[in-house]
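Chemist: Sequence and predicted structure are below.
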Amino acid sequence: MTERTIGWGVVATGAIAHNVAGDLRQLENSRLAAVSSRLLDRAGTFAREFGDAATTAYDDVRALVDDPAVDVVYVATPHAQHAPVVEQALDAGKAVLCEKAFTTSLADTARLAELARERGVFCMEAMWTRFNPLIVRLRQLVADGAIGDVRAVTADLGFVAPADRTDRLWDPALGGGVLLDVGIYPVAFAQMLLGAPTALTVTGTLNEQGVDSEAGLFLTWPDGVRAHLDVSLISPIPGSALVMGTTGRIEVPPRFHAATTMRLVHAPGRGIEESQTFEWEKEGRGYVPMLRAVAQAVRDGRTECPEMPLAHTVEIADILDQALAGLGVRYPEPAPVVSLR
Ligand SMILES: NC(=O)c1ccc[n+]([C@@H]2O[C@H](COP(=O)([O-])OP(=O)(O)OC[C@H]3O[C@@H](n4cnc5c(N)ncnc54)[C@H](OP(=O)(O)O)[C@@H]3O)[C@@H](O)[C@H]2O)c1
């Protein structure tokens, strides 16, 4: 039997919206039903590139979420504009896939997670790394005891962001800064393996606009279990991850958040070491497994994906909130997405 076709509504037409809409075309039984941009022309161009004859272009988020052809609203605006869009979509009873970071604060993330639960609709942060078959395998290996008990995690990621201070990566009104944009990947990786930490230390640098340009985090769990995380928008940190256990380790070489290879090292004693390499040939730009899982969950009437439940999104937001507070970053109230007509 052919599976029900899922209609996707994409909010925003920036860089990630293009990449994800491209991957959406590789999905069986999914279509771009609608797209909304602050500029109608832009939405029209996007609809022609990624949609079909029936794809609707809007310059109004409300109209998109109310469109009966839209089953899932994919939110690809800057961080600060996620919360207002997610709220509208949930109020309309629509499933939501929202780009990382889910919102700019723990309070907004917890409130929207609760709203999704109340409404009984699907809602997920687009943490695509969790759906990468290598990361799925890594979790399984750890759960099966392939490296013994996890004692430490290290993960880093960085790049040199554009110098232009109006870029969304630097603009406080758009939720700029390294923690929300890049830091979330190492934080989500550590949280995936170890859950919520019991303590956190952060050090970093704020730029003249008051947003964080680099950060080092040290997270701890009971019994000395720890994670060292390092992220930057001003230096090209490679993006490695390492999970260290009592009988071995798993190495994910750069860039771990988009992994195509990893190595399991079994080292139960001094001088004893054997390793196994795993590889993944990327599907599309790497978003296909996540999009497929979301489409299937919506088809099945499920409200979450086990790979990235809302409870994890809230724990990740808590870590990021503490780190932002530790660095002294303060964001203004999120502003809604408005048409530029
Ligand atoms: N999963 C990933 O691999 C990945 C990679 C990159 C980014 N992201 C995430 O995706 C989101 C968007 O990032 P991006 O790199 O695509 O950003 P971007 O290229 O700047 O695009 C963001 C888009 O949001 C829309 N928008 C709505 N309100 C806006 C406002 N007030 N100011 C500016 N733009 C506004 C604009 O589209 P319209 O003009 O059409 O309204 C803009 O093109 C962020 O949450 C980011 O963390 C994820």
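Modeler: Yep, it's here. Numbers count the residues shown, from 1 in each chain.

Chemist: alpha carbons only for contacts and neighbour counts from here, please
Modeler: Will do.

Chemist: who's in contact with the closest residue to Ser232 other than its chain neighbours?
Modeler: Nearest residue to Ser232 in three dimensions, chain neighbours excluded: Glu214, at 4.1 Å (CA to CA, 6 or more residues apart in numbering). Listed by CA atoms under 8 Å, 6 or more residues apart in numbering, the contact set of Glu214 reads 178-179, 204-206, 230-234.

Chemist: Can you name the residues in contact with stretch 55-68?
Modeler: Counting by CA under 8 Å, 6+ apart, 9, 11, 32-40, 43-44, 47-48, 70, 73, 85, 88-89, 92, 94, 337-339 sit against stretch 55-68.

Chemist: Among these, which lie within helices?
Modeler: Members of the contacts of stretch 55-68 lying in helices (criterion: DSSP state H): 40, 43-44, 47-48, 85, 88-89.

Chemist: quick one: buried residues of stretch 213-232?
Modeler: Neighbour counts over stretch 213-232 (16 or more other CA atoms under 10 Å) mark 213-221, 226-232 as buried.

Chemist: no wait, stretch 264-279
Modeler: Those would be 264-267, for stretch 264-279 by 16+ other CA under 10 Å.

Chemist: from the residues you listed, which is closest to the ligand?
Modeler: Leu264 (25.1 Å; CA to the nearest ligand atom).

Chemist: ok, the helix or strand that contains that closest one: who's next to it in the sheet?
Modeler: Element membership of Leu264 [criterion: DSSP states H and E] is strand 261-269. Partner strands and pairing direction for strand 261-269 (DSSP bridges) are strand 248-252 (antiparallel), strand 272-279 (antiparallel).

Chemist: Send me it as PDB with only the CA atoms.
Modeler: Taking C-alpha atoms only, strand 261-269 is exported to PDB below (Å, rounded to 0.1, in the frame of the first residue of the first chain):
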ATOM      1  CA  THR A 261      32.900   7.900   9.500                       C
ATOM      2  CA  MET A 262      33.700   6.800  13.000                       C
ATOM      3  CA  ARG A 263      36.000   4.300  14.700                       C
ATOM      4  CA  LEU A 264      35.300   2.000  17.600                       C
ATOM      5  CA  VAL A 265      38.500   1.200  19.600                       C
ATOM      6  CA  HIS A 266      38.300  -1.800  21.900                       C
ATOM      7  CA  ALA A 267      41.100  -1.400  24.500                       C
ATOM      8  CA  PRO A 268      40.300  -3.500  27.600                       C
ATOM      9  CA  GLY A 269      43.900  -3.500  28.900                       C
END
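
Chemist: Run through who's touching it.
Modeler: In contact with strand 261-269 (CA under 8 Å, 6+ apart) are residues 134, 146-147, 246-253, 273-280.

Chemist: one more time with 7 Å
Modeler: Strand 261-269 is contacted from outside by 147, 247-253, 273-280, using CA atoms under 7 Å, 6 or more residues apart in numbering.

Chemist: Pull the distance from that strand to the chain's centre.
Modeler: Chain-centre distance of strand 261-269: 27 Å, with CA atoms, centre = their mean, to the nearest Å.

Chemist: likewise stretch 309-329?
Modeler: Stretch 309-329 sits 13 Å away from the centroid of its parent chain (CA atoms, centre = their mean).

Chemist: go on, stretch 87-101?
Modeler: Centroid displacement of stretch 87-101 relative to its chain, using CA atoms, centre = their mean, is 14 Å.

Chemist: same question, stretch 57-64
Modeler: With CA atoms, centre = their mean as the basis, stretch 57-64 stands 24 Å off its chain's centre.

Chemist: can you check stretch 191-204 too?
Modeler: Using CA atoms, centre = their mean, the offset of stretch 191-204 from its chain centre is 17 Å.

Chemist: Likewise for stretch 52-70?
Modeler: 24 Å.
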